[in-house]
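Novice: Coordinates only, no sequence provided:
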Ligand SMILES: Cc1cc2nc3c(=O)[nH]c(=O)nc-3n(C[C@H](O)[C@H](O)[C@H](O)COP(=O)(O)OP(=O)(O)OC[C@H]3O[C@@H](n4cnc5c(N)ncnc54)[C@H](O)[C@@H]3O)c2cc1C
């Protein structure tokens, strides 16, 4: 049995479900699971992490940790590692995890396997896979040498954890010196969207250049809202000003791995595929039967999206009503 430390993400006191996947996978493999919970006013969230598999939660609750900075959270992670002495350290490959883990690896001179989409424990060993060459190939990653092994995992890659509400974690206050920090995050300006973020949603519906303008995205939004899905976009749609950059899926946007990805009027350029090809089921709607997106799609619909998407929305509504 190894000791695994999971960095649990929260924003404004709301835990990120991708962190539960990490706790669940480590716990299902029979490891001693430690979690780090950092923030301001977050202590009350610790016990509940037991339901997802955490045995011990190291809590760093301090006003200085209200908003994430690389400096403060690296310091907190180092303190948690001192307390837990883990063999493996996990974080989600989210914008926060992408920033934190390399800082931690540099501070520890440790190995980091990032953006993994498969994690398999075998006793104290671990087998990992990550997409390379914009998702065209998959690399198997091995750690060599000693020292803690750091892993960041793509959201939705490990599947939902087993939840046992009766299981409680024991919370332990983390002693961490936050004096003399050189950086501090100010107030966050929130986006206006109430929809889930593309990286977290289990369904993402994206539109491309074929949407023609921002107004037309309403048909995608309406379809997404029926399912509680996120709205994504290709870079062409973002560059044309139809959607904000936070919705962009792809190599220079966000990497998503939802259960269902519906691409509407998106050709399937390699840079777009880099951000969505690990989705569990891909549906493509395109008027061009030769569009490259059909090569990765599980279901292809050769049709005008302005005809198809409203019909799909209606069908989703009917299913929901029954
Ligand atoms: C360094 C670099 C980084 C990049 N990063 C990204 C990235 O992160 N994400 C990204 O998406 N792109 C990225 N790109 C751009 C990428 O190469 C493509 O240009 C872009 O993805 C094309 O967007 P699109 O599919 O919406 O548009 P197009 O390629 O123009 O495709 C539009 C599609 O819509 C179809 N269509 C037209 N009308 C309809 C209709 N009425 N109904 C249904 N289908 C219709 C067409 O047949 C076509 O296939 C990057 C490029 C570079 C060079």
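Specialist: Received, thanks. Because the structure is a prediction, the values reported are computed rather than measured.
Novice: and residue 287, what is it in contact with?
Specialist: If a contact means C-beta atoms under 8 Å, 6 or more residues apart in numbering, then residue 287 has 210, 265, 302, 303, 304, 305 as its contacts. (Each C-beta comes from the backbone N, C-alpha and C, glycine too.)
Novice: What parts of the chain come near the ligand?
Specialist: Applying the criterion C-beta under 6 Å from any ligand atom, the portion of the chain that neighbours the ligand consists of 208-210, 234-237, 248-253, 265-267, 269, 271-272, 275, 285-288, 291, 304-306.
Novice: name the helices or strands packed onto the strand or helix carrying residue 99?
Specialist: Take DSSP states H and E as the rule and residue 99 turns out to sit in helix 95-108. Applying 3 or more C-beta pairs under 8 Å, 6 or more residues apart in numbering; DSSP states H and E, one finds that helix 95-108 makes contact with helix 70-84, strand 88-92, strand 111-116, strand 149-153.
Novice: and the gap between residue 228 and the ligand?
Specialist: For residue 228, the distance to the ligand (C-beta to the nearest ligand atom, to the nearest Å) stands at 23 Å.
Novice: Hmm, I typed the wrong one, I wanted residue 199.
Specialist: Counting by C-beta to the nearest ligand atom, the gap between residue 199 and the ligand amounts to 13 Å.
Novice: So that residue sits against residue 115, correct?
Specialist: No: at 12.0 Å, residue 199 and residue 115 do not qualify as touching, with contact defined as C-beta atoms under 8 Å.
Novice: Overlap of the contact sets of the two?
Specialist: Overlap between the neighbourhoods of residue 199 and residue 115 consists of residue 255, taking contacts as C-beta under 8 Å, 6+ apart.
Novice: Between those two, which is the more surrounded one?
Specialist: Neighbours of residue 199 and residue 115, each counted by other C-beta atoms under 10 Å, are more numerous for residue 199; the result is 25 against 18.
Novice: Where does the more buried one sit: helix, strand or coil?
Specialist: Applying DSSP: H, G, I helix; E, B strand; the rest coil to residue 199 yields a three-state assignment of coil.
Novice: need the contact list for it.
Specialist: When contacts are counted by C-beta under 8 Å, 6+ apart, residue 199 is found next to 18, 94, 155, 254, 255, 256.
Novice: same thing but at 10 Å, please
Specialist: Residues in contact with residue 199 (C-beta atoms under 10 Å, 6 or more residues apart in numbering) are 16, 18, 92-95, 154-156, 230, 232, 246, 249, 254-258, 275.
Novice: same thing with residue 309?
Specialist: If a contact means C-beta under 10 Å, 6+ apart, then residue 309 has 205, 207, 211, 216, 219-220, 222-223, 262, 264-265, 285, 301, 303 as its contacts.
Novice: the helices in the stretch 201-322 of the chain, which residues?
Specialist: 218-227, 235-239, 270-276, 293-296, 305-321 (DSSP state H, counting those that start in this stretch).
Novice: Redo those helices as JSON lines? Include mean pLDDT.
Specialist: JSON lines is the format used below for these (pLDDT from 0 to 100):
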{"stretch": "helix 218-227", "mean pLDDT": "96"}
{"stretch": "helix 235-239", "mean pLDDT": "98"}
{"stretch": "helix 270-276", "mean pLDDT": "95"}
{"stretch": "helix 293-296", "mean pLDDT": "98"}
{"stretch": "helix 305-321", "mean pLDDT": "95"}
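Novice: any chance of these in TSV, plus distance to residue 59?
Specialist: Rendered in TSV, the data for those read as follows (distance: least, C-beta to C-beta, whole Å):
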stretch	distance to residue 59
helix 218-227	35
helix 235-239	38
helix 270-276	34
helix 293-296	42
helix 305-321	39
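Novice: Let me know which of the ones you listed is the nearest to residue 85.
Specialist: Each of the helices of the stretch 201-322 of the chain has some distance to residue 85 by C-beta to C-beta; the shortest is helix 270-276, at 36.3 Å.
Novice: So for the residue of the stretch 51-200 of the chain found nearest the ligand, what's the nearest residue that isn't a sequence neighbour?
Specialist: For the stretch 51-200 of the chain, the nearest residue to the ligand under the criterion C-beta to the nearest ligand atom is residue 134, separated by 9.2 Å. Taking C-beta to C-beta, 6 or more residues apart in numbering, and ignoring the residues beside it in sequence, residue 134 has residue 274 as its nearest neighbour in space, at 3.6 Å.
Novice: count of residues packed around that neighbour?
Specialist: A count of nearby residues for residue 274, using other C-beta under 10 Å, gives 20.
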